[in-house]
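**Student:** Below is the structure, and that's it, no one-letter string:
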């Protein structure tokens, strides 16, 4: 409950402060957001599976974001930055879909 | 705290919902606080990422060919502006270097050129003379004046057998009983349009399909275009008082 309120506060802060994303961060921010969303949906699924552990969630959240950013950074250095971003986004999106499907099966048995 | 335990899937939807509600119950612990901080950052990062991707996406999302044409446009514009700079700088040199007489002459020359464009000076030069007889509507006349201007006509005059009217920026046209009204003066057909400019450009502009010759011809009238070197535009408009 408290994290959900935190999410709302973060969204409101972003809306009202009009932050400008620094140039060096611009390629990584969207990827990091998608990676974090993947961790969040994975956490929901594990709650329903009965194996949720908040320490694991914190670690998986941070490592997801970090690994995604490192992969994109590596791709930038190798000159295939945009392809690498696409690959990361595709993989993460597939995982999000799989997790949402599992959540749906749990909650609706359908 | 077992880090990895085997999944115990909820037996039914009710248990799944119970597990969800149990997790949603507020609890104060260090990891909860940490998760909250992470969610604040997630919300903030999401909104900033959305904002930054909508802000300057016009050029970022443009295709390469579009960017090339934008660049070409800018390069051409720069070349035009550069040549204008050169022209103005040489004019400045002349004005600074020359005596008062030269500056006065330059000013008179520019005043005359501007006066010809504004219609306050009579003009003599080469151009075309267009005689229109038969049915002529104000919209056809307006279209042909616009065509002449687009084709580079610098001064235009419309006359009938007795009256001459200079065409300037605020000239207006309307239909009247047996002809057209130009800026409040009724003209009887046949009327003559005199235009100063490059005849080789002006004549084709009037002969395009749907142009003056086409329209008047289909209405049963006739258009006679003559290329002359001694077009005399004598009508002037008064200098507006500002």
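**Tutor:** That came in fine, so what should we check first? As the structure is a computational prediction, the values presented were derived from the model and not from experiment.

**Student:** make it CA atoms for all contacts and neighbour counts henceforth
**Tutor:** Fine.

**Student:** near chain B, which residues of chain A show up?
**Tutor:** A:1-4, A:6-15, A:18-21, A:26, A:29-30, A:33, A:36, A:44, A:46-51, A:53-56, A:58, A:106-109 (CA under 8 Å from any CA of the partner chain).

**Student:** mind listing which of those are in helices?
**Tutor:** When the residues of chain A next to chain B are checked against helices (DSSP state H), the matches are A:2-4, A:6-15, A:29-30, A:33, A:36, A:44, A:46-49, A:54-56, A:58, A:106-108.

**Student:** And the strands in chain B?
**Tutor:** Under the criterion DSSP state E, chain B contains strands at B:123-133, B:155-159, B:164-167, B:173-176, B:179-182, B:185-188, B:191-196, B:222-233.

**Student:** now those as TSV including distance to chain A, mean pLDDT and mean neighbour count?
**Tutor:** Listed next are the strands of chain B as TSV, based on distance: least, CA to the nearest CA, whole Å; pLDDT from 0 to 100; neighbours: other CA atoms under 10 Å in any protein chain shown:
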stretch	distance to chain A	mean pLDDT	mean neighbour count
strand B:123-133	59	89	20
strand B:155-159	54	90	23
strand B:164-167	54	88	22
strand B:173-176	53	86	16
strand B:179-182	57	84	21
strand B:185-188	61	84	18
strand B:191-196	57	91	24
strand B:222-233	62	87	17
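
**Student:** tell me the centre residue of chain B?
**Tutor:** Nearest to the mean C-alpha position of chain B, counting by CA atoms, centre = their mean, stands residue B:150 at 12.5 Å.

**Student:** From residue B:159, how far out is that one?
**Tutor:** Residue B:150 is 21 Å from residue B:159, where distance means CA to CA, to the nearest Å.

**Student:** now residue B:194
**Tutor:** 8 Å.

**Student:** so where's chain B uncertain?
**Tutor:** Filtered on pLDDT under 70, chain B yields the residue ranges B:1-7, B:9-10, B:24, B:26-27, B:53-58, B:60-62, B:242.

**Student:** try chain A
**Tutor:** Using pLDDT under 70, the flagged stretches of chain A are A:1, A:110.

**Student:** Point to the residue nearest the middle of it.
**Tutor:** residue A:36 (1.9 Å).

**Student:** which residues does it contact?
**Tutor:** Counting by CA atoms under 8 Å, 6 or more residues apart in numbering or on different chains, residue A:36 touches A:61, A:62, A:64, A:65, B:42.

**Student:** And for residue B:25, the neighbour number?
**Tutor:** 10 (other CA atoms under 10 Å in any protein chain shown).

**Student:** One more: residue A:7?
**Tutor:** 23.

**Student:** who's in contact with it?
**Tutor:** By CA under 8 Å, 6+ apart, the contact list for residue A:7 reads B:36, B:39, B:40, B:41, B:42, B:43, B:44.

**Student:** Now tabulate those in CSV and tack on distance to chain A and neighbour count.
**Tutor:** Listed next are these as CSV, based on distance: CA to the nearest CA, whole Å; neighbours: other CA atoms under 10 Å in any protein chain shown:
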residue, distance to chain A, neighbour count
B:36, 4, 20
B:39, 5, 25
B:40, 4, 24
B:41, 6, 19
B:42, 7, 23
B:43, 4, 23
B:44, 4, 24
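
**Student:** roughly how far apart are the residue nearest to the centre of chain A and residue B:38?
**Tutor:** 9 Å.

**Student:** what's the answer for residue B:180, then?
**Tutor:** For residue B:180 relative to residue B:38 (CA to CA), the value is 77 Å.

**Student:** next one: residue B:107
**Tutor:** 72 Å.

**Student:** out of those two, which sits in the busier spot?
**Tutor:** Each of residue B:107 and residue B:38 has its neighbours counted (other CA under 10 Å); residue B:38 has more, 20 against 13.
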